[in-house]
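*Asks:* I need the structure of the sequence given here:
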Amino acid sequence: MVSSGHGQGGTRRVTLTEVARRAGVSRSAASFALNGRTDLRISEETSARVRLAAEELGYSPNTTAKTLRTGKSGTVALISDFIGTTSFANAMVRGALQTLRAANTLLYTVDTQGDPEVEAKLLQNLLDRDVDGFLYASMFTRHVDLPPLTRNAPLVLLNCVSSDVAAVIPDERAAGETAASVLLDAGHRDAIWFVGSFPPGFTGAAVWNGWSPLALTERLDGIETRLRKAGTALAGTMPIETDWDVENGRAAVTRTLSAGRVPTALICANDALAVGAYHALSDAGLRVPHHVSVIGFDGSPLTQAVLPRLTSVALPYEELGRIAAEMLLQDARPSLPVRVPMPLVRGASVSAPAPLG
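*Replies:* Next comes the predicted model:
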């Protein structure tokens, strides 16, 4: 490859005129060939010669000029709260990135840490860079109040919802039905408990700005709907104190067992609570799944951190990102949320209820 020429200021950009000269065509013909235009008759042999000349000279198009000409910068931005700093959830970024890369579109990703002032500054900075659109994303599924600046470019919500805006979210209600069906199919009916409800007046951990996740409401609704169809219901729900983590799961299940209530199965709001439930059951001399079956949600690496391996209904993070990016690239976007199925990841934590006595 021939390197770019050098002037007094150092390395300079190879021009389209130089590419045209190397290929022996006009500047407009070179432009048409490199942009894949078909409204000027250029032979495939000529197009190939132009592409070869561009490669040999190390030519790269001037993106600013392209933006002025087409009105498109070939860039979009993903604005999120905590996704980029959360190893599990950032699979959403990977899914979006792969789709956009295939469309020759560059992705900016920025985290706001839930700070509205930081968010406003980042949005303005990105708009100043003429991004073609926004993916506005949340680490967990919730309602969001959109900043006005997001309305200045095409917008798709990723793992969150707001009125009349295109959105892609997990199908949490169907996931709840899936979890309940697994236990019903194993023979459980009368002593199924849910772990992870919030106490009255509590919306979410302070570290997440008190945001209330839609996942809790929708997963629980799906569970109760499926059990009701089977002619049964939850035996009860176990509230957590501050967050959906291992220690709160352990404490919630310990409190219930200490009160003399022994479930045959637990459906936990996420995998971390399920791991805590394992600990509490072990402390009480109960084995999973011989004495108590356990199911989690999210399909996180925590499913492999316990024995027997936890059965979990997985969040399709990468698929969410892929679909949201595809929607952003389209001119027409649905006004109702697109719900993505959550697959069941089977472990060995569910079996038939232990015989009474």
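*Asks:* all the strands of the stretch 151-300 of the chain, residue numbers only.
*Replies:* 155-161, 167-170, 192-197, 236-239, 265-268, 293-298 (DSSP state E, counting those that start in this stretch).
*Asks:* next, the contact list for Pro301, please.
*Replies:* For Pro301, the contact set (Cβ atoms under 8 Å, 6 or more residues apart in numbering) comprises Phe88. In this view, the C-beta of every residue, glycine as well, is placed from N, C-alpha and C.
*Asks:* run a quick neighbour tally on Thr178.
*Replies:* 21 (other Cβ atoms under 10 Å).
*Asks:* try Leu220
*Replies:* Around Leu220 there are 20 other residues, counting by other Cβ under 10 Å.
*Asks:* one step back: using TSV, lay out the strands of the stretch 151-300 of the chain together with mean pLDDT.
*Replies:* Output for these, formatted as TSV (pLDDT from 0 to 100):
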stretch	mean pLDDT
strand 155-161	95
strand 167-170	96
strand 192-197	95
strand 236-239	95
strand 265-268	98
strand 293-298	97
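*Asks:* can you put these in TSV and add mean neighbour count?
*Replies:* Converted to TSV, the strands of the stretch 151-300 of the chain look like this (neighbours: other Cβ atoms under 10 Å):
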stretch	mean neighbour count
strand 155-161	25
strand 167-170	26
strand 192-197	24
strand 236-239	18
strand 265-268	30
strand 293-298	28
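*Asks:* want to throw those into CSV with distance to Glu247?
*Replies:* Formatted as CSV, the strands of the stretch 151-300 of the chain follow (distance: least, Cβ to Cβ, whole Å):
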stretch, distance to Glu247
strand 155-161, 25
strand 167-170, 25
strand 192-197, 13
strand 236-239, 14
strand 265-268, 13
strand 293-298, 16
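*Asks:* of all these, which one comes closest to Asp245?
*Replies:* Of all the strands of the stretch 151-300 of the chain, it is strand 192-197 that lies closest to Asp245, at 10.4 Å by Cβ to Cβ.
*Asks:* which helices and strands sit right next to that closest one?
*Replies:* Contact here means 3 or more Cβ pairs under 8 Å, 6 or more residues apart in numbering; DSSP states H and E; on that basis strand 192-197 packs against helix 214-229, strand 236-239, helix 246-258, strand 265-268, helix 271-283.
*Asks:* which residues are contacting the second one?
*Replies:* Strand 236-239 is touched from outside by 193-199, 220, 252-253, 255-256, 261, with contacts defined as Cβ under 8 Å, 6+ apart.
*Asks:* ok, so of those, who is nearest Pro353?
*Replies:* Nearest to Pro353 among the contacts of strand 236-239: Trp193, at 13.0 Å, using Cβ to Cβ.
*Asks:* identify the bridge partners of the closest one.
*Replies:* Per DSSP bridges, the residues bridged to Trp193 are Gly236, Leu266.
*Asks:* correct me if wrong: it contacts Pro263.
*Replies:* Yes. The criterion here is Cβ atoms under 8 Å, and Trp193 meets it with Pro263 at 4.3 Å.
*Asks:* intersection of neighbour lists for these two?
*Replies:* Ala235, Thr256.
*Asks:* what are the ranges of the strands in the stretch 1-150 of the chain?
*Replies:* Ranges of strands in the stretch 1-150 of the chain, per DSSP E, counting those that start in this stretch, are 6-7, 10-11, 75-80, 106-111, 134-143.
*Asks:* quickly list the domain ranges of this structure.
*Replies:* 6-61, 75-169+318-340, 172-315 (automatic domain parsing).
*Asks:* now the end-to-end length of the last one.
*Replies:* Just to be clear, that refers to domain 172-315. With Cα to Cα, to the nearest Å as the measure, domain 172-315 spans 9 Å from end to end.
*Asks:* before we move on, the earlier item: closest one to Gly347 among the domains of the chain?
*Replies:* Closest approach to Gly347 among the domains of the chain is made by domain 172-315 (3.6 Å; Cβ to Cβ).
*Asks:* tell me the contacts of Ala23?
*Replies:* By Cβ under 8 Å, 6+ apart, the residues touching Ala23 are Ala30, Thr46, Arg49, Val50, Leu52, Ala53.
*Asks:* how far away is it from Met92?
*Replies:* As judged by Cβ to Cβ, to the nearest Å, Ala23 and Met92 stand 42 Å apart.
*Asks:* circling back: possible to save the domains of the chain as JSON lines with distance to Ala348?
*Replies:* Shown next, in JSON lines, are the domains of the chain (distance: least, Cβ to Cβ, whole Å):
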{"stretch": "domain 6-61", "distance to Ala348": "53"}
{"stretch": "domain 75-169+318-340", "distance to Ala348": "22"}
{"stretch": "domain 172-315", "distance to Ala348": "4"}
